[in-house]
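Visitor: Sharing a model that was predicted from the sequence below.
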Amino acid sequence: MITFIFFLRRIAFSSVTLFVASIVIFAIIQILPGDPAQLILGMNAQADTLAALREQMGLNAPFYSRYFEWVLGIMVGDFGTSYTYSVPVSELILERLWISLPLAVMALSLSTLIAIPAGVIAASRHNKWPDVSIMGFTQLGIAIPNFWFAMLLVLVFAIKLQWMPAGGFAGWDAGIGAGILSLTLPAIALALPQASILARIMRSALLDVLAEDYMRTARAKGLTERMTLWRHGVRNAFIPVLTILGLQFSFLIAGTIIIENIFYLPGLGRLIFQAIAQRDLIVLQGLVLLLVAAVIFINLLVDAAYAMVDPRIKRAYHE
Amino acid sequence: MKLSKFALRGATALAMLAMAVPALAANNSVTLGMVLEPTHLDPTAGAAAAIDEVVYANLYEGLTRIDSKGAVQPALAKSWTVSDDGLTYTFMLEEGVKFHDGTDFNADDVVFSLDRARGEDSVNAQKALFSAIDKVEAVDASTVKITLSQANGSMLFNLGWGDAVMVAPESADGNKANPVGTGPFKFVKWVKGDRIELAKSDTYWGDADVLEKATFKIISDPAAAFAAMMAGDVDGFPNFPAPENLDQFRADPRFSVVVGSTEGETVLAINNAKAPFDNLKVRQAVSYAINRQSIIDGAMFGNGTPIGSHFAPHHPAYVDLTGAYAYDPEKAKALLAEAGFPDGFDAEIKLPPPSYARRGGEIIAADLKKVGINLKIIPVEWGPWVKDVFTETNFDLTIVSHTEPQDISIYAREKYYFNYKSDAFKGVMDELNKTTDTDGRYKLLGEAQQILSDDAVNGFLFQLAKTGVWNAKLNGLWENSPVQANDLTGVSWSE
């Protein structure tokens, strides 16, 4: 029951955030200079043609009526129709989501699989050679720009060895294998810096926990070193790791435009970029709002995960 | 770090597993890279060059078409006659032509297509092409009569544009996402942001022997374009985005590098209405002060042909006026002094995103500084450029490439962004519209070029090059681009 109220309150709060965000997004996008109709029809277009297109796109209505039409549409799942592509915005976003989301999940899984064990090993062998070498590698991982690493991957695996395509997305209908193959190099390129950061956070959080009194108590009550480490140590060190994971996932969904460009993947990042360049304002609005919603949702998940890892957090909300 | 190595190895193993899927037979298909994605696939409703680069001559056809040399050829109209007064055109249509959806093409479709393009609620980006048309009538199923309100010597050329292709009333509204034309290729699918697939049409009326499959892959990043070529993911880039990499391709026997010409007159556009640029001497001084070759070398890696007026050097009516304002900073200074600016003046240059503008703008700023004109460089995105420069003409100088084919008539427009006004020029254009014989037209086009050069309307810089890179075994792609197109009808593989 407490959990239920806790989440209800969070969801209500999130809805207000989302509503405020929708107003801010709409207002900012209206300020952007550039007439979408002129951008579509180019330099030779006649004035009457421009007017006809503006009318067709509904750009002549006053801004408040366009805002309400947009928001009310979204409530029933209608994000409007793209100015440039002339297809429903939701369809456009969904297509891209099928690339960006699996890519984000792959990159995040890869980075977690590398970072957590690496961080734990480093902390438990504090100041010995495993720690020193892991920290050395993570330093390198943070220092190497991921676009450069991505180009290196292309050079080696696509051009030299020709094991995989240099980029592009085969499409899931070409088979799961082909889809995963297209996302492998980008996922590796994205995971490297993320894993490096995560490993360092894991290590320092665990080092803090290892110094706690209850660790000594755990050992004193007869637990083995390994059980102490995993049951009491790692679990308690997870809070900052979860925070970083949440941030990284939010970033991976839309902030991967450079990597998307290098591998010419049609993901959300490139859609945003394109929408800005072509003044496809309706797509831009929908996308930004969706990303705000995604970040809010991910934060909600992270909060839930906090409560799972550390029950004290949930209780603290009600005291 | 053992773990990450393990993960890498795992990923590679997984990748190799998926590689077992065999690649398609290469010799009956072609994959071309393009930098910008079309916004949609209806060439009658948008100006984006990328639309025509996919659909022109491949998916859609018009009454006439423009070939690789820029000449007008018959297409869906197998022949035509023009009345002596130049006002009535009668087109005899090909018979047995079907749209990709199986419906027949006939004279009614021509009437529909042209009326739609020039109608009141038309969203055709080049509506002006049809402004001379008064009436389009179907005489019988395979004969169409077009009546003009005034003679227009470029009518046949105009009807060959991508904006004038034939569409069917049944499918026209859906052409943006699901294009239906009469061309040798039909639309298969479009994975947005990634690629557009076409396949040979079984119902094509002509005898074009085209490849089974054609794919356009969208790759906007120059480094990615290079990697995709090297890895063999694409067979070619008709317009390769990174001129700095061309030498690497030239050194590699797997590739052909073909540098051709486009319809893109790149100009330093001058606001002719704004002081001090309303003074002919000042404009002439600017023309003398710019070193065209250094701009081509510095901004375009040597690709491009200097021009002296607003006309493409590959066109038969071209007059070489590059000597009229040969680089001469001393003369520029003298002209500025005559105009009352012995110490020069300050001005602004607004530069849109393409590298010809951004890189070229810096070189021009340096050139003009030498004669005393201090330019403030303002980089702008296309959106604000269209608003500030193009629509509101709130600028001193800008750099832009005019890529529409044979567009010298823009200088006769009542209100166009560089604010040029010349009755002499308008007279020549009126005369041109009334003239249908080729020699007469070429002579008038020559005069028009001379007037623009005499008036130093803009700083005429260079003709944008078309830098194509493709597999050395691939034949039949266009070297030049007289219209923005990747005509695949003649493309084949050697061996």
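Guide: That came in fine, so what should we check first?

Visitor: How about the stretch 251-400 of chain B: which residue is closest to chain A?
Guide: B:Gly383 (2.3 Å; Cβ to the nearest Cβ). All C-beta atoms are positioned from the backbone trio N, CA, C, and that covers glycine.

Visitor: and that residue, helix, strand or coil?
Guide: helix (DSSP: H, G, I helix; E, B strand; the rest coil).

Visitor: Please list all residues in contact with the residue lying closest to it once chain neighbours are set aside.
Guide: Sequence neighbours aside, A:Gly34 is the residue nearest to B:Gly383 in space, at 2.3 Å (criterion: Cβ to Cβ, 6 or more residues apart in numbering or on different chains). Shown in contact with A:Gly34 (Cβ atoms under 8 Å, 6 or more residues apart in numbering or on different chains): A:Arg279, B:Glu381, B:Trp382, B:Gly383, B:Pro384, B:Val386, B:Lys387.

Visitor: Please apply the same query to B:Ala366.
Guide: Contacts of B:Ala366 (Cβ under 8 Å, 6+ apart): none.

Visitor: and the gap between it and B:Ala326?
Guide: In this view, B:Ala366 and B:Ala326 are 18 Å apart by Cβ to Cβ, to the nearest Å.

Visitor: Likewise for A:Phe6?
Guide: 79 Å.

Visitor: Neighbour count for these two, which is higher?
Guide: A:Phe6 (17 against 13; other Cβ atoms under 10 Å in any protein chain shown).

Visitor: Let me know the helix or strand that that one is in.
Guide: helix A:2-31 (DSSP states H and E).

Visitor: Report the closest residue of the stretch 51-200 of chain B relative to chain A.
Guide: B:Gly193 (2.5 Å).

Visitor: Is chain A within reach of the longest strand belonging to chain B?
Guide: Ranked by number of residues, the top strand in chain B under DSSP state E is strand B:255-270. No. Judged by Cβ under 8 Å from any Cβ of the partner chain, strand B:255-270 stays clear of chain A, getting no closer than 11.1 Å.

Visitor: Please identify the buried residues of that strand?
Guide: Neighbour-count burial for strand B:255-270, with 16 or more other Cβ atoms under 10 Å in any protein chain shown as criterion, is recorded at B:255-270.

Visitor: for stretch A:287-303, same thing?
Guide: Quick answer for stretch A:287-303 (16+ other Cβ under 10 Å): A:287-296, A:298-300, A:302-303.

Visitor: What average pLDDT does it get?
Guide: Averaged over stretch A:287-303, pLDDT sits at 88.

Visitor: just to revisit the earlier point, please spell out which residues along the helix or strand just after the longest strand of chain B are buried.
Guide: For strand B:255-270, the following helix or strand on the C-terminal side (DSSP H and E) is helix B:280-289. Residues of helix B:280-289 classed as buried: B:Lys281, B:Val282, B:Arg283, B:Gln284, B:Ala285, B:Val286, B:Ser287, B:Tyr288, B:Ala289 (neighbour count, 16+ other Cβ under 10 Å).

Visitor: and if you look at stretch A:108-122?
Guide: Those would be A:108, A:110-122, for stretch A:108-122 by 16+ other Cβ under 10 Å.

Visitor: These: which ones sit near chain B?
Guide: A:Leu110, A:Leu113, A:Ile114, A:Pro117, A:Ala118.

Visitor: Quick one: residues contacting the residue of the stretch 251-400 of chain B closest to chain A.
Guide: A:Leu32, A:Pro33, A:Gly34, A:Asp35, A:Leu39, A:Arg279.

Visitor: And the strands in the stretch 201-350 of chain B?
Guide: B:213-218, B:236-237, B:255-270, B:305-306, B:345-351 (DSSP state E, counting those that start in this stretch).

Visitor: is it possible to export the ones you listed to TSV including mean pLDDT and distance to B:Ser113?
Guide: What follows is the strands of the stretch 201-350 of chain B, written out as TSV (pLDDT from 0 to 100; distance: least, Cβ to Cβ, whole Å):
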stretch	mean pLDDT	distance to B:Ser113
strand B:213-218	95	24
strand B:236-237	95	32
strand B:255-270	93	24
strand B:305-306	94	36
strand B:345-351	95	38
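
Visitor: pLDDT value on B:Val21, please?
Guide: 39.

Visitor: same question, the one 4 residues further on
Guide: At B:Ala25, the model reports a pLDDT of 45.

Visitor: Would you mind naming what in the stretch 151-300 of chain A lies close to chain B?
Guide: A:151, A:154-155, A:157-159, A:162-169, A:171, A:175, A:177-178, A:180-181, A:184, A:187-188, A:195, A:261-267, A:270-271, A:274, A:277-279.

Visitor: Just the buried residues of those residues.
Guide: So, by 16+ other Cβ under 10 Å, the buried ones in these are A:151, A:154, A:157-159, A:163-169, A:171, A:177-178, A:180-181, A:184, A:187-188, A:195, A:261-267, A:270-271, A:274, A:277-279.

Visitor: Just those: which are in helices?
Guide: Judged by DSSP state H, those include A:151, A:177-178, A:180-181, A:184, A:187-188, A:195, A:261-262, A:270-271, A:274, A:277 as members of helices.

Visitor: Can you show me the helices along the stretch 101-250 of chain A?
Guide: A:129-143, A:146-153, A:176-210, A:213-220, A:225-227, A:235-254 (DSSP state H, counting those that start in this stretch).

Visitor: TSV for the contacts of A:Gly34, including pLDDT and distance to B:Ala242?
Guide: Shown next, in TSV, are the contacts of A:Gly34 (pLDDT from 0 to 100; distance: Cβ to Cβ, whole Å):
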residue	pLDDT	distance to B:Ala242
A:Arg279	79	26
B:Glu381	82	21
B:Trp382	78	20
B:Gly383	74	25
B:Pro384	81	26
B:Val386	81	26
B:Lys387	80	30
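
Visitor: Filter these down to just the buried residues.
Guide: A:Arg279, B:Trp382, B:Gly383, B:Pro384, B:Val386, B:Lys387.

Visitor: Can you tell me how far the first one is from B:Trp385?
Guide: Using Cβ to Cβ, we find A:Arg279 at a distance of 12 Å from B:Trp385.

Visitor: which stretches of the chain have low pLDDT?
Guide: Unless you meant another one, I'm taking chain A. A:1-3, A:313-319 (pLDDT under 70).

Visitor: looking at chain B here, not the other one
Guide: B:1-26.

Visitor: can you count the residues close to A:Arg312?
Guide: If we define neighbours as other Cβ under 10 Å, then A:Arg312 has 9 of them.

Visitor: Please disregard the earlier target; I meant A:Ala143.
Guide: 9.

Visitor: check contacts around it.
Guide: Counted by Cβ under 8 Å, 6+ apart, A:Ala143 has zero contacts.
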